[in-house]
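Asker: Mind looking at a prediction? Sequence and model below.
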Amino acid sequence: MSTASRDANQPPPLVDHDPLESDPALLDGLRREGAGWAEERIRRASKLAGGEALEWGRLANTFPPVLRTHDRYGERIDEVDFHPAWHQLMRAGVELGLHASPWRDQREGAHVARAAAFLLLAQAESGFGCPISMTYAAVPALRAEADVAGEWEPRLTSLEYDPRVVPASEKRGALSGMAMTERQGGSDVRANTTRAEPADGAWAITGAKWFCSAPMCDAFLVLAQTANGLSCFLLPRWRPDGTRNAFHIQRLKDKLGNRSNASSEVEFDRAYALMVGPEGRGVPTIIEMVNHTRLDCVLGSTGLMRRATAEAAHHAAHRMAFGRLLADQPLMRNVLADLEVETEAATLTSLRLARAYDESWSGDAEARQFARLATAVSKYWVCKRTPPTVAEALECLGGNGFVEDSGLPRLYRESPLNSIWEGSGNVIALDVLRAMARSPESVEAFFAEIAAAQGADHRLDAYAAKLRDDLADAEDPEPNARRLVERMALVFQGSLLVRHGDDAVTAAFVTSRLDGDRGLAFGTLPPGTDVGRIVERATPQMA
């Protein structure tokens, strides 16, 4: 930091640091959850996240994607142009295997390793994560149709990023998107009117999708109605004969955040497609994709929390006010500690969920039940907590945080997205109720996880027992679904912290989240909290 900057009382920018080394909850967690073998790759992601990827993210948002529907001769091309920085982010994500590594090497800790790297790179920029996440999530859905998976899985799991607009058969690697929602239905996908008709051994799809994220991808999982009901299809951008498929991008969405990524409205006019899974079973088929993208919603939100909390702690460690550093002032320390408690709870949640996916794919039926329920519970809560966390972190910077150059406004605009994507709050809360009603064994698996912490803290035990009683006694749980899911998330996080968390962070969480001794805003941790230790954990280590 220059003398002029010190004299001006302006903190140095939070760049060229190692976010993994500054995040003991993440570093300890990836080792504990079985991904220590991937530490070298995860450190590569961390170096990028704290270094040049920050500038890539800034540029990709400053120069957002541009749609070109036609070429100079009036021919329909439906292409999206991106700034080179976007391609740098995508190349980094693909080469690190964020889109495919667990499917390439299905070993213990593979999903955890990917989760840690994804969480780190999301701290630099979130927009590129959408096509990365959908490609990762498409593979298990495609496996419902062996012939389709056999053709497409090698392309989708390649570690080469190939942005050329050519048939996938000519590319070194491919990406997958998804298009489910329609204008009249939104989350109610069974109201879809897009139709599919048999056509020469394949299917011809006609209709429109109100949201198609990442339309530059090479193929898309879509839902369409057949004579036997809503079904799932793989719709490529190119037909087998090498001509462009009837996939027409009508416009790009002008979004609140996530502006580096293209989201679009699309129309199909007898577009070529292949069925995936049984006819009429489109939702159960595509739910495999949805569950994995919900995991990434948790990871992406946790990354946003971590970057925002780090920015706040870094600012406070360098900014003087009223004769002393902000980080030395008791009320600011309470705020920073509270942000760190929220962020560490989300981090432990993210890594435990990822391990459940490793266990599920190894054939553990109980883990699969746990993952299904815990993912929805965690997606609801972690994504809901992200906007207030980022807003409070922004406020720690005062007017500096309200200025675009700080990077906090971009984080803030991004913060609501994951709570909306793959099911907004009500949809997720009701999904949790349905999952528990249809699969009582998922409830047993969830509470078996909580019971692993039994006896470690009497307040956690009491909270868990009361929650289980209330779930059993609820005659009409729907009006209180959000409250029930929130309590499930808190008891899950509490059980993880009691077993694996830092002592000061755990004590603060249990006292303030489970025992009820806190206010409704951040910075209301009760007296006796070891805020000094917690703030130290929140403060980035600079080289």
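Answerer: Good, I have the coordinates.
Asker: Show me what secondary structure element comes after the strand ranked longest in the chain.
Answerer: Scanning the chain for the strand with the most residues, using DSSP state E, yields strand 263-276. Per DSSP states H and E, the first helix or strand lying C-terminal to strand 263-276 is helix 282-318.
Asker: list the buried ones in the longest strand of the chain?
Answerer: Neighbour-count burial for strand 263-276 flags 263-268, 271-276 (criterion: 16 or more other C-beta atoms under 10 Å). Glycine gets a C-beta too; all of them are placed from N, C-alpha and C.
Asker: Adding pLDDT and distance to Ser176 as columns, could you present those in CSV?
Answerer: What follows is these, written out as CSV (pLDDT from 0 to 100; distance: C-beta to C-beta, whole Å):
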residue, pLDDT, distance to Ser176
Ser263, 96, 15
Ser264, 97, 15
Glu265, 97, 19
Val266, 98, 15
Glu267, 98, 19
Phe268, 98, 16
Ala271, 98, 15
Tyr272, 98, 16
Ala273, 98, 13
Leu274, 98, 13
Met275, 98, 16
Val276, 97, 11
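Asker: Which of the three states applies to Arg72?
Answerer: Here Arg72 is coil, with the state taken from DSSP: H, G, I helix; E, B strand; the rest coil.
Asker: How about the one 5 residues further on?
Answerer: Here Ile77 takes the strand state, with states given by three-state DSSP.
Asker: Pretty sure Thr69 is one of the things it touches, is it not?
Answerer: Yes: if you go by C-beta atoms under 8 Å, Ile77 and Thr69 touch, sitting 7.1 Å apart.
Asker: all strands of the chain, in order?
Answerer: Counting by DSSP E, the strands of the chain are 66-70, 76-81, 176-179, 195-199, 202-213, 219-226, 229-236, 247-252, 263-276, 320-321, 324-325.
Asker: Pick the most buried one from those.
Answerer: Highest mean neighbour count of the strands of the chain: strand 176-179, a mean of 28 (counted as mean count of other C-beta atoms under 10 Å).
Asker: Find the centremost residue of the protein, please.
Answerer: Centroid-nearest residue in the chain: Cys297, 2.4 Å away (criterion: C-alpha atoms, centre = their mean).
Asker: if I pick that residue, what's in contact with it?
Answerer: Listed by C-beta atoms under 8 Å, 6 or more residues apart in numbering, the contact set of Cys297 reads 379, 382-383, 418-419, 421-422.
Asker: Check the buried residues of strand 263-276 and tell me the two furthest apart.
Answerer: Spatial extent of the buried residues of strand 263-276 (C-beta to C-beta) is set by the pair Ser263 and Met275 at 25.6 Å.
Asker: which residues of this structure score low on pLDDT?
Answerer: 1-7 (pLDDT under 70).
Asker: got the residue ranges for the helices in the stretch 401-543 of the chain?
Answerer: For the stretch 401-543 of the chain, helices defined by DSSP state H, counting those that start in this stretch occupy the ranges 408-414, 417-420, 425-438, 440-451, 458-473, 481-500, 503-509, 531-538.
Asker: With adjacent residues omitted, what lies nearest to Gly185?
Answerer: Closest residue to Gly185 apart from its sequence neighbours, by C-beta to C-beta, 6 or more residues apart in numbering: Ala191 at 3.5 Å.
Asker: Quick check: the one you found touching Met180?
Answerer: No: Ala191 is not in contact with Met180 according to C-beta under 8 Å; the separation is 11.2 Å.
Asker: More neighbours: which of these two?
Answerer: A count of neighbours by other C-beta atoms under 10 Å puts Met180 above the other of Ala191 and Met180, at 26 against 12.
Asker: check contacts around the more buried one.
Answerer: Listed by C-beta under 8 Å, 6+ apart, the contact set of Met180 reads 189, 192, 209, 211, 221-223, 286.
Asker: how much space between it and Tyr136?
Answerer: Distance of Met180 to Tyr136, given as C-beta to C-beta, to the nearest Å: 17 Å.
Asker: next one: Leu235
Answerer: For Leu235, the distance to Tyr136 - C-beta to C-beta - is 19 Å.
Asker: got it, and Thr285?
Answerer: From Thr285 to Tyr136 the distance is 17 Å (C-beta to C-beta).
Asker: So the two - more neighbours on which side?
Answerer: Taking other C-beta under 10 Å, Thr285 and Tyr136 do not tie; Tyr136 has more neighbours (29 against 23).
Asker: I'd assumed His292 was in contact with the more buried one.
Answerer: Yes: when contacts are counted by C-beta under 8 Å, Tyr136 is listed as touching His292 (6.2 Å).
Asker: residues contacting Asp218?
Answerer: Applying C-beta under 8 Å, 6+ apart, the residues near Asp218 are 155, 168, 171, 174-176, 236-238.
Asker: Format the residues you listed as CSV; extra columns: distance to Pro409.
Answerer: Compiled in CSV, those are given as follows (distance: C-beta to C-beta, whole Å):
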residue, distance to Pro409
Arg155, 37
Ala168, 37
Lys171, 36
Ala174, 34
Leu175, 29
Ser176, 31
Pro236, 38
Arg237, 34
Trp238, 39
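Asker: Noted, bye for now.
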